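> this one's structure only:
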């Protein structure tokens, strides 16, 4: 069964802060990796220690999407989208520390 992908208003704003090419990279990764089995850990998907953002992280190159999963109904909620620059995470146009 396919999961419905939902973007929060904040995550939509984070996407808009990225260049079109960068948006395409992360959106393709979200569609490929999170439509089926988003709670199975892989090299790209990681369950995180408890934090104030989200319980899951999707990695695609330098890009990150933090998300939550609801099993009933089957939904993946994209909470935050950002870009890694070495050991910094840039979300929107701000550096954040998780």
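That came in fine, so what should we check first? Note that this is a predicted model, so its numbers are computed, not measured.
> for the protein, which segments count as strands?
4-7, 45-47, 56-60, 63-70, 75-85, 88-91, 94-96 (DSSP state E).
> wait, doesn't residue 78 sit right on residue 9?
No. Residue 78 lies out of contact with residue 9 (CB atoms under 8 Å); the separation is 10.9 Å. Quick note: C-beta positions are derived from backbone N, CA and C, even for glycine.
> who has more neighbours, the two?
residue 78 (25 against 6; other CB atoms under 10 Å).
> for the more buried one, what are its contacts?
By CB atoms under 8 Å, 6 or more residues apart in numbering, the contact set of residue 78 is 5, 6, 7, 8, 11, 30, 65, 66, 67.
> nearest residue to the fifth one other than its sequence neighbours?
Beyond its immediate neighbours in the sequence, the residue positioned closest to residue 11 (CB to CB, 6 or more residues apart in numbering) is residue 78, lying 4.6 Å away.
> next: the third one.
If you skip the residues right next to it in sequence, residue 7 has residue 78 as its closest partner in space, 4.7 Å away by CB to CB, 6+ apart.
> do the second one as well
Leaving aside its sequence neighbours, residue 6 sits nearest to residue 77 (CB to CB, 6+ apart; 5.0 Å).
> quick check: that neighbour vs residue 62, distance?
22 Å (CB to CB, to the nearest Å).
> tally of neighbours for the closest residue to residue 39 other than its chain neighbours?
Nearest residue to residue 39, sequence neighbours excluded (CB to CB, 6+ apart): residue 69, at 5.4 Å. The tally of other residues near residue 69 (other CB under 10 Å) stands at 15.
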